[in-house]
Each structure stands twice: as structure tokens, then as C-alpha cells.
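# give me a model of this one.
(chains A and B)
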Amino acid sequence: MLYREAGDFKTSYAKDQQTFPILFDRWGYFIMLALAFIVGPMIINDYWLNAVVLPFLIYSIAALGLNILTGYCGQVSLGTGGFMAVGAYASYKLMTSFPDLNIAFVIILSGGVTALVGILFGLPSLRIKGFYLAVATLAAQFFLVWLFNKVPWFYNYSASGQISAPERTIFGYAISGANALPHISYLFCLTFVVILAWGARNLTRGANGRKWMAIRDMDIAAEIIGVNPLKTKLTAFAISSFYIGIAGALLFAVYLGAAEVGEAFGITKSFLVLFMIIIGGLGSIFGSFAGAAFMILMPVLLKNIFVGQMGWPTDLAAHMEFVIVGGLIMVFLILEPHGLAALWRTAKEKLRLWPFPH
Amino acid sequence: MKFTKLTAIAVAASMLAGPTMAELVFPSLSYRTGPYGANGIPFADGYSDYFTLVNERDGGIGGEMTKVVECETAYNTEKGVECYESTKGMGSLVYQPLSTGMTYQLIPKVTADDIPMHTMGYGRTSAANGKVFSHVFNYPANYWNGASVAVNHVLDVNGGDIAGKKIALVYHNSAYGKEPIRTLEELAKKHNFELSLLAVDHPGQEQKSQWLQIRREKPDYVFMWGWGVMNQVAIQEAANIRFNMENFIGIWWSGSENDVIPAGDAANGYKALNMHAVGNDFPVFDDIQKYVVDAGKAAGAGDQVGTVLYNRGMYAAMLAVEAAKTAQGIHGTANITPAMMRDGMEALEMTADKMAGLGMAGFGPEFAVSCENHGGPGLSSVTQWDATAKSWSQISDFSPSDNDVIGKLIMEDSAAYAAENNIEEGCK
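Here you go, the predicted model:
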């Protein structure tokens, strides 16, 4: 009824190609943005921010990044944790070497550094494909973690090898460190998420995104129609790593405050982000958000229900969390192998015809 | 989709809130699951049981009942953040995260939130300098004391001269395992022994190459900074290469029953440091049996009483209770706040009489905390495993460490932290 194209006349090419062709979606999108930017900071508190919202926002960026590489360009990567570590350590080195540098630039530069590292590890993708590439990126994961543990320069020769984010401010408000105000950190991360998501969406529907998808669908055919595989694969690696690096820098500087490479950026992190995009939906911007929400919010929700409401012992609750989240992943993937995004798409199709399906 | 989830969480979170305010809340960021669960369980049980004992036997602390709020971290720093944020609003008096990684994360947070943190025998060693780390305490002993006591023990065995001896450190490749390196390097210079470092990556199930290297280099002594499954594997590997167990010394986190039992008889003679007594030959255990275990109020399965890590959890809880009593005395109110608790911890004094009165005579060293020294005297004992009796026995008294070396390192490291974070040194 409300959710339909009819009556919404597109009179220019730009309007015809817009991201949200349905008026209802457009409104929904702007209302959500307004809620996130205006109402969000008013109601957010420490618990919500640190337990739920920050990890969701940050992992959304990581999932967007991996989705560009794996979902759009078809290059399987298990090096996400390692690339996040590059972002985190780059931001740490930048913050401590240039104390006056604005934190926003630190985060962006960390993404840039990660992009360079990503290109380096993306080079083998020209020769190796599929599972073999996954193994090569797995090597990147282990190598990077080993490197940050082994070379004391990366952690400024501290006794323990821990890196801690010093306090840095933007417009006089602390973003990192203990005195950061929840609504400021929230707005800071939200701004990154919105800009990066907007960028990803527009990249993927432009010439670059089409090249990526051509390579994903059949690289030889893509080469024949004039897509340069070297440039295409490396741009995918670079942009994906840029996103993942920013996620790593934010995770360390804004969310955790202190990190240790093996624990915070281990192989489990690579799998976590990979699961996010598989569950959310490969090759979908919405899927990146849905997957991050599922993997981050579900355990917290279950914990609060089991321990907070039902008063279960914490260990039993933790084990049940694994069982339930694991079970749900299987159910979702059996019912909808293309992830939550596909589920969402089906729901929208149904909604267009509602209440009078054929 | 997203919104329904968020609202569901909102409902859950709002129901979670609303603790009763008249209780003294002691959060327990425990890990009963995950790769280090086997060691996290006895500690959490001991911690929780002691508070139950205080409630049941004494009617709380100064008339105020205590309440332990457990939150499962699985030794994962991200879950630790969630646990900290979800419990700090409940009036939590003191945090004991039992994880060095989490400690590093929480140091700035607890300081900003004015809640003390006690990292007993772990965490950031230089937090012993209370002038910089106002809210962090690591009495009665820290890693650097441990490293020094281990070296002192080797010195004792060798009649005071270990020049030219080779000592290998097998360590968990994380903040925790790296802590003693700097101290050991200084001590190596001082006593002219050779130090070699062997890192083991988390979680430590694979140590073949490290022990192969030990077999090749034939060090005279092996020190170990391990945790969880890494300890069991290391002791088993040491047994496989027939390393003399008497020359294998673990830090206090590598010296529980869990670590030695899997290796069976081969583990006989393995040594570990400890900052409190082992075994259950203390009157307090009769009380625990009577008021907690027999009453069916024991935490967990209730089968850990008297194990090393259970004793450690209980010891940590006892120190927290004594600090709370001290705080009540200073501020003249039974219902203390976290800020008052901090003052109590800073004024804590453990005397022999006090411990005897608690039924724990000689359970830990005597010490007094002050603003300048949040780390206590750094006394530690050496214990040895008897595989036939399946028990640990204390083979040395609580003995001091080389404070000339350690004190200097603490000042250096804490000054670096103060400079990085713009902290002005001073007493509160």
C-alpha cells in the first residue's frame, strides 16, 4: 500500500538511478539518519555505547570493507584481523609520534597505511584464486600478528607489548582515552560509518564496482571485455583494507583503549568479520550492517536475558550463547543461503504487492 | 530488523538495571568458559565463596551484606568492556579482572570513574607506584617481584653464584608473559647469567619447537610465565625431554593442580612461586565447609575448595573485605562508596594478628599499603609439587625480592606512563 513505486515519477536519469527508488525507503533512510544523529546522542550512555553501539558501528565498517573485497570482487580473505591490527598500530604510532595531529586525520591516515599493506598482500591474488588465496591471506594474518608482537618499535618498546591510546581530542572533546564522553565518541564513529557506507554504496554501483563484480563473476570474461585484472583486484584490496584499517584504528583508539595484538586481532577476528558478511549477505551494503548487528548484538542480548533476567549461572549462559547463536546461523543459512540481506529483499518484494499479491 | 533487536535489548537492559543499593557490591569478572576456563573457575569460586562466608558467618562487612555480581568474560577483552560497563553502575567497589590485557584497558577507565582496581599478582607492574596509578593496586606481589624471587631461589640453590648459568624463560606471548623480561634482563646483567627468551603463542597448545630449542641449548633453569593450557603442555613437554623438574620454576599462575596433574608422575618436583599459602590446613576452611559448602551455597560445582587457585581467589576476596573494613573505619560509615574503598585499600595493613583472627594465620605475607607503594613488599614463596601425594608444599618462607632493581624499573615505567597521559604525580 504505502510501499510501492506507483505514483513516484522519475523525470531524470539521476532520479531513475538513485539508491532508494521507493519513496518510503528514502524517507526511512533520512529518518533513520536523523534519529541516529539527533536522538542517538541524547539518549546514549556508557553501557549502551561501549557494550552495544560502538562495537556494532566499528564492525560494520570492517564488514563493509571485507564485503567490498569478498562480496563484490570475489577475493576470499582471512586476513581481516591482521589488517585491523595494521590500522590499530598505525594509529598508535601516529598518535604517539605526532601528538598534535587531529584524531580524525590519524584514523584516516591509518586507513591509508592499511591500504598500502593491503595492496602488498593483494599482489598474490593475481596468480592464486579461491581457497588458495584464502590461505595466502591467512598467512598475512599470522605474519602481521607475529610482526607486531616481535618488533618492539611498533609498541614503542613498552615492557608488556601492550599499546594504549592516549587522550586525543576533536574540537576540544576527548575522543580517545578514559575521559571520552559517550555521545561524542558515538557521533565520531557514526560519522565515519555514514561517510564510509555512503562511499561504499556509490563505489559499488559505479564503474569500479561493476569491474569488481565482473571479476567476481568470471575473471577471464571480464578480462576479454577490457577489465584490467591487476588494477581491479588491487583497487579492491586497497579500498577494502582502507575500510578495515579504519575499523581497526577505531576499535583500538575509541573502543578498547588498549590492545594486545594476539588477543584483539587474532584469527578469530578474521572469522568473525567473515561470518558477518556471510550471514549478512555477500555483495550487499545492508548485509554488512545486518551481519554486524547479528554477530555483535545477539550475544549481548542473550547474555542479558539469561543472566540478567533469568538469573542463570554465567558459565551456563555463555555456553548456551554459543549453542543458540550457532544454531541461528545454521537456520538462517539453510532458510536463506544468501544471508539476511536476501531475506530483507524478499520481504521488500512481498511488501510491494501487499496487501494484494497475485 | 535492526530496530526490533534494539528494542528487545532495551527491554532486557532495563530489566537488568535496578540493583538494591544497600549492599556492598563486589563484581567478579570471571571466566568459567574459554581457553583459560579451567583456571578461571577455581579463582571465581574462591572469590565468591569467601563473600558468602562473610555474609553467612559475620552478617556481612560491618553489618552491610555483600553481593557478588558475576560477569563472564571468557578472558576476552571486548567482553571485559561489556562486563565493566554493565556492572560499574551498580556501585561496584573494586574490580579484579584476572587478566593483564583487561587490566591495561581498565586502568584509565577506573581512574576516570573513581573505582579502585586490585590486580593481585598480575596486571601492570608499575602500578605499584601509587603516585601515578591512584586507583590501581597490585599488592602483595607483582611479576617483577616474582621474577626476582625466582632468581633468588636459583641463587640460594647455587650458593649465591650463578655466573655463566643459562636460564630460559618460556612465556605466553602477550602482555602478561612479556612483563618479567625487562627485570630478568637487568638481573641477568647483575648476576651474569645468560637469559634466553622463548615465546609461546596463545593459547599454547603447540610448544614442540620451543622445547626442542631447550633440548638443544640445555639451559640450567627454565622459568615459565604461562597460563591455562599452556602450563599443562609445557610441563608435559618438559617431562618428554626429561628436563629436571627441580630446575623448572613457574610463576604463581603456572602453579596450580590443573597444570601438573595431566603430566602425572613426571611432574614430580616441579616448582612454582606463590604469594599465599597452599593447602586447606587453616581454620577458615572449616568455616567455609560449615557455612558455605555444607549449606549448599558454594559457587560453581563446589569441588575446588583448597586448590591453589581457589585459595588465591579466597585470598583476593579476604584482602578486599579487609580493605572494605578499613574504609568503613576511616570514613565512619558502613555503606561505603568506591572512592572510600580506594582509601581503605591504600590504608590496608595486614598483620599476623589480623590474619590469625580470620583463621588464616600465615596464609599470606604481612604488609602495609601506602600511597607511595601500592604494590606491597613483594614477598613470595616457592612451592613444590609432590606427584605421589598430589599436593603442593611450601619449601621456602615468603622471601623478599631485589627491590634495588625493581624499584628503579617501576619508577621508569610509571614515569613513562605519566608522561604519555599527562598525569601529575602526587598523593590523593
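# from here on, contacts and neighbour counts on C-alpha atoms
Noted.
# for chain B, what's the nearest residue on the stretch 101-250 of chain A?
Closest residue of the stretch 101-250 of chain A to chain B, CA to the nearest CA: residue A:160 (4.3 Å).
# need the contact list for the closest residue to that residue other than its chain neighbours.
Of all residues not flanking residue A:160 in the chain, residue B:175 sits nearest, at 4.3 Å (CA to CA, 6 or more residues apart in numbering or on different chains). Neighbouring residues of residue B:175 by CA atoms under 8 Å, 6 or more residues apart in numbering or on different chains: A:159-162, A:260, B:100-101.
# ok, now residue A:203?
Counting by CA under 8 Å, 6+ apart, residue A:203 makes contact with residue A:209.
# phi first, then psi, for it.
When read as degrees, to the nearest 10, the backbone of residue A:203 gives phi -60, psi -40.
# spell out which parts of the stretch 101-250 of chain B neighbour chain A.
For the stretch 101-250 of chain B, the residues in contact with chain A (CA under 8 Å from any CA of the partner chain) are B:101, B:104-105, B:108-109, B:111-112, B:173-179, B:181-182, B:201-202.
# part of a strand, is the residue of the stretch 101-250 of chain A closest to chain B?
No - counting by DSSP: H, G, I helix; E, B strand; the rest coil, residue A:160 is not part of a strand but coil.
# what is the burial count for it?
Neighbours of residue A:160 under the rule other CA atoms under 10 Å in any protein chain shown: 25.
# that older thread, let me know the closest of the contacts of residue B:175 to residue B:403.
Nearest to residue B:403 out of the contacts of residue B:175 is residue A:159 (CA to CA; 17.7 Å).
# distance of the closest one from residue B:174?
11 Å (CA to CA, to the nearest Å).
# what about the strands in the stretch 101-250 of chain B?
B:117-118, B:136-137, B:166-172, B:194-200, B:221-225, B:248-250 (DSSP state E, counting those that start in this stretch).
# run the chain-centre distance for the helix or strand that contains residue A:220.
Per DSSP states H and E, residue A:220 falls inside helix A:219-224. Relative to the chain's own centre, helix A:219-224 is displaced by 29 Å; criterion: CA atoms, centre = their mean, to the nearest Å.
# try stretch B:159-169
How far stretch B:159-169 lies from its chain's middle: 27 Å, per CA atoms, centre = their mean.
# same check on stretch B:100-118?
That offset, for stretch B:100-118, works out to 15 Å (CA atoms, centre = their mean).
# where does pLDDT dip in chain B?
Counting by pLDDT under 70, chain B contains low-confidence ranges at B:1-22, B:428.
# please redo it, this time with the cut-off set to 50
B:1-4, B:6-7, B:10-21 (pLDDT under 50).
# quick one, longest helix in it?
helix B:308-331 (DSSP state H).
# specify the next element, helix or strand, located C-terminal of it.
Following helix B:308-331 in sequence order, the next helix or strand is helix B:338-346 (DSSP H and E).
# what does the helix or strand just after that following helix contact?
Going down the chain from helix B:338-346, the next helix or strand is strand B:349-350, by DSSP H and E. The contact list for strand B:349-350, computed with CA under 8 Å, 6+ apart, reads B:365-369.
# what is the nearest of the residues you listed to residue A:237?
Nearest to residue A:237 out of the contacts of strand B:349-350 is residue B:369 (CA to CA; 54.3 Å).
# count the neighbours of that closest one for me.
For residue B:369, the neighbour count with other CA under 10 Å is 23.
# what's the answer for residue B:305, then?
Neighbours around residue B:305, by other CA under 10 Å: 23.
# show the backbone phi and psi for it.
Main-chain dihedrals, residue B:305, degrees, to the nearest 10: phi -50, psi 130.
# what mean pLDDT does the host helix or strand of residue A:47 have?
Take DSSP H and E as the rule and residue A:47 turns out to sit in helix A:46-47. Here helix A:46-47 scores 83 as its mean pLDDT.
# report all helices and strands that that helix contacts.
The contact analysis (3 or more CA pairs under 8 Å, 6 or more residues apart in numbering or on different chains; DSSP states H and E) places helix A:46-47 against helix B:77-88.
# and the contacts of the helix it packs on?
Residues contacting helix B:77-88 (CA under 8 Å, 6+ apart): A:46-47, A:50-51, A:256, A:263-264, B:27, B:29, B:69, B:71-73, B:97, B:101-102, B:105.
# the nearest residue to residue A:102 once chain neighbours are set aside bridge partners, please.
Distances taken as CA to CA, 6+ apart put residue A:170 closest to residue A:102, at 6.6 Å, once the chain neighbours are dropped. Counting by DSSP bridges, residue A:170 is bridged to residue A:173.
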